[in-house]
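> Quick one: sequence plus predicted model below, questions after.
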Amino acid sequence: MSYVTATAQLQCPFGLAPSTLMVTSQQKYLIGGKPVATIQDAVPMSNIMPFGMCTTQTNPAVASATAAALGVPTPAPCVPATSMWIPGNKASRGIQGKPYLTNDCKCMCQWGGMISIINPGEFKVN
């Protein structure tokens, strides 16, 4: 298991590019000079940045662009629609009652993508 820090790399299966995690839930606890993330760092456009272009037809912007292209699948700019990271490292207390974000956590996007952590920004811990 690895703790996730600011600037961790994220991936969505429907995004055409990786994204970067921004940590805003706390700034006091650092690893390698970077703030450690908690499961509360899941706010779209604040913590979870866009994944380039989105390709899923469940995203209304993609469906609209595809309809305008007479049914030819057409990506649209990604605007993440996330709520919370799961499962979180519930074995530890975390930071100020907020469970740590670990590399095994996932975050569901409203449009159907399961966001995963591809580079936690920190190396293995016990």
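Great, that's in hand. Numbers count the residues shown, from 1 in each chain.
> ranges for the strands of this structure?
All strands of the chain, identified by DSSP state E, fall at 9-11, 19-20, 30-31, 34-35, 53-54, 76-77, 82-86, 106-109, 114-119.
> N103 versus E122, what's the distance?
8 Å (CB to CB, to the nearest Å). Every residue, glycine included, has its C-beta placed from N, CA and C.
> list the residues that contact both of the two?
Listed contacts common to E122 and N103 are S2, Y3, V4; contacts here mean CB atoms under 8 Å, 6 or more residues apart in numbering.
> List the contacts of the second one.
Residues in contact with Y3, defined by CB under 8 Å, 6+ apart, are I31, V36, A37, N89, Y100, L101, T102, N103, P120, E122, V125.
> Name only those of those that count as buried.
Using 16 or more other CB atoms under 10 Å as the burial test, the contacts of Y3 include I31, V36, A37, N89, Y100, L101, T102, N103, P120, E122 as buried.
> Any figure for the gap between C107 and A69?
C107 is 29 Å from A69, by CB to CB.
> list the contacts for the nearest residue to A65 once chain neighbours are set aside?
Nearest residue to A65 in three dimensions, chain neighbours excluded: T74, at 4.0 Å (CB to CB, 6 or more residues apart in numbering). Applying CB under 8 Å, 6+ apart to T74 gives the contacts V62, A65, T66, A68.
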